[in-house]
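Engineer: Predicted model and sequence below, questions to follow.
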Amino acid sequence: MALDHKHKIIDLLLNPNYRWLWHILFWLLMYLDTFLSFIGITPGFESNLEQISYILLDMVFVYFNLYVLVPYLLFRNKIIIYILATAFCVLCLVYLQHNIFPEEIEEEFLLSMYLENFFFNLIIMSVAASIKVLKSGFQTKIDVETIRSQQLESELSFLKNQVNPHFLFNTLNNLYIQSKKKEDISDSLMSFSDLLRYQIYETKNDLVALQKEVDYLENYLQLEKKRRSNLDIQIKTKISNPHIKIAPLLFLPLVENAVKYSQKSNSASSYITLSIEEENGQLLFIVKNSKGRISEIKTPDSGIGIPNVKKRLNLIYPDKYDLSIQDQQDDYQATLKINLR
């Protein structure tokens, strides 16, 4: 919350719609005693015109510093030249201020008066330049964060889209096999339609309800069960908050791997067990499958699933997840723990 509040303040300070306001406040603070005298709160000056001319001259040199010297010298690391140019500008400013309306001042006080005005104007110019540098730094930081955020969104979108063609290929292949066996695939087509609808419409959001993701996985596994009569599927869910949000299609590559590699080359039975538990935002996902002959099952798209999941987890849940793989002789298990809070 504190970080969000900080960003709101920075956004307000950098908002170009309020630039005029910050400029007015700056000059009011720099010449507070002068403006207070104008409205009668403090004693007035002998000549208001003289004071206004001082301020206007100061503004000319300050904005020359901000829009010429700072960007073309300071921001290009020509620091020595910038310091000398700034000091020269302040000397010219002090000279002009005291020659437009010359005052009769005793010679012994003349040097101290010039020095006092020199350092006063130098402070004003330095404060304005410092604000300019800080503002530029904040803007650069925001631009970098924006670019980084856009890059992350693009990468996440790419990784999520990788899942879709992979899933479509597998499911259509399953339907093709069923049709070749002259089986009734009307129910399978309806299930496939529901799965496709979820992928097209629900996964547009960055996060979806956990229960919807669970329902999607159950439908997917039931569709696979219709294709493989010797596949035993066990699903266990225990979710305390079905509406808690999670990244969509995060589990699908793990479940697809289980489906793909559980299949054996002979008619031997195979199995998949899926367990999803959530309590107080702590999610435990476990998928376990029997292992077929991996060398006979591998295809050109093998190996996409797990790296895809890891990349998405690193981007969406950095330091909030733990993914472990147990590759045994007869079975394979993926265990994923995520803190969804």
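Structural biologist: In hand now; what should we look at? Fair warning: this is a prediction, and the values are worked out from it, not measured in the lab.
Engineer: so where's the stretch 51-200 of the chain shaky on pLDDT?
Structural biologist: Residue ranges of the stretch 51-200 of the chain with pLDDT under 70: 101-110, 142-170, 174, 176-178, 180-186.
Engineer: Kindly recompute the last result at 80.
Structural biologist: Scanning the stretch 51-200 of the chain with the threshold set as pLDDT under 80 gives 51, 97-114, 138-200.
Engineer: which stretches of it form helices?
Structural biologist: For the stretch 51-200 of the chain, the helices defined by DSSP state H, counting those that start in this stretch occupy 70-72, 79-100, 107-180, 186-201.
Engineer: Residue 255: which element?
Structural biologist: Under the criterion of DSSP states H and E, residue 255 resides in helix 252-262.
Engineer: can you tell me the helix or strand for residue 233?
Structural biologist: Element membership for residue 233, per DSSP H and E: strand 231-239.
Engineer: Neighbouring strands - and their directions - for that strand?
Structural biologist: The sheet places strand 231-239 alongside strand 270-279 (parallel), with pairing taken from DSSP bridges.
Engineer: and the next element down the chain from the partner strand?
Structural biologist: strand 282-290.
Engineer: Between helix 252-262 and that following strand, find me the angle.
Structural biologist: Orientation note: strand 282-290 sits at an angle of 20 degrees relative to helix 252-262 (axes from the mean of the first three to the mean of the last three C-alpha atoms, to 10 degrees).
Engineer: Who are the packing partners of strand 282-290?
Structural biologist: Contacts defined by 3 or more C-beta pairs under 8 Å, 6 or more residues apart in numbering; DSSP states H and E place strand 282-290 against helix 252-262, strand 270-279, strand 331-339. (Each C-beta comes from the backbone N, C-alpha and C, glycine too.)
Engineer: Quick check: buried residues in that strand?
Structural biologist: Of all the residues in strand 282-290, those buried under the rule 16 or more other C-beta atoms under 10 Å are 283, 285-290.
Engineer: CA atoms only: put the helix holding residue 255 into CSV for me.
Structural biologist: Extracted in CSV, the C-alpha atoms of helix 252-262 (Å, rounded to 0.1, in the frame of the first residue of the first chain):
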residue,chain,number,x,y,z
LEU,A,252,-2.2,-27.7,-18.3
PRO,A,253,1.3,-28.5,-19.5
LEU,A,254,1.9,-30.6,-16.5
VAL,A,255,-1.4,-32.5,-17.0
GLU,A,256,-0.7,-32.9,-20.7
ASN,A,257,2.7,-34.4,-19.9
ALA,A,258,1.0,-36.8,-17.5
VAL,A,259,-1.5,-37.8,-20.2
LYS,A,260,1.1,-38.2,-22.9
TYR,A,261,3.8,-40.1,-21.0
SER,A,262,1.4,-42.3,-19.0
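Engineer: Could I get the contacting residues of residue 69?
Structural biologist: For residue 69, the contact set (C-beta atoms under 8 Å, 6 or more residues apart in numbering) comprises 82, 85-86, 89.
Engineer: got those residues as a markdown table, with distance to residue 312 and neighbour count columns?
Structural biologist: Conversion of the contacts of residue 69 to a markdown table gives the following (distance: C-beta to C-beta, whole Å; neighbours: other C-beta atoms under 10 Å):
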| residue | distance to residue 312 | neighbour count |
| --- | --- | --- |
| 82 | 47 | 19 |
| 85 | 52 | 18 |
| 86 | 51 | 20 |
| 89 | 55 | 20 |
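Engineer: With respect to residue 326, which of those is nearest?
Structural biologist: Checking these against residue 326 with C-beta to C-beta, the nearest one is residue 82 at 62.7 Å.
Engineer: From the rest of the structure, what touches the strand holding residue 233?
Structural biologist: Identification of contacts with strand 231-239 by C-beta under 8 Å, 6+ apart yields 210-211, 214, 217-218, 221-222, 224-225, 262-263, 269-279.
Engineer: likewise stretch 272-280?
Structural biologist: Contact with stretch 272-280 is made by 210, 214, 217, 221, 231-241, 244, 251, 255, 258-259, 262, 283-290, 340-341, as judged by C-beta under 8 Å, 6+ apart.
Engineer: Kindly report the same for stretch 329-341.
Structural biologist: By C-beta under 8 Å, 6+ apart, stretch 329-341 touches 210, 244-246, 251, 254, 257-258, 261, 278, 280-291, 306, 309, 313, 317, 320-326.
Engineer: Now the buried members of these.
Structural biologist: Buried residues within the contacts of stretch 329-341, counting neighbours by 16+ other C-beta under 10 Å: 210, 244, 246, 251, 254, 257-258, 261, 278, 283, 285-291, 309, 313, 317, 321, 323.
Engineer: Could you list every helix and strand that the helix or strand hosting residue 309 packs against?
Structural biologist: Residue 309 is located in helix 305-316, with elements delineated by DSSP H and E. With contacts taken as 3+ C-beta pairs under 8 Å, 6+ apart, helix 305-316 sits against helix 107-180, helix 252-262, strand 321-327, strand 331-339.
Engineer: any idea of the angle it forms with strand 331-339?
Structural biologist: Angle between the axes of helix 305-316 and strand 331-339 is 10 degrees (criterion: the same axes, to 10 degrees).
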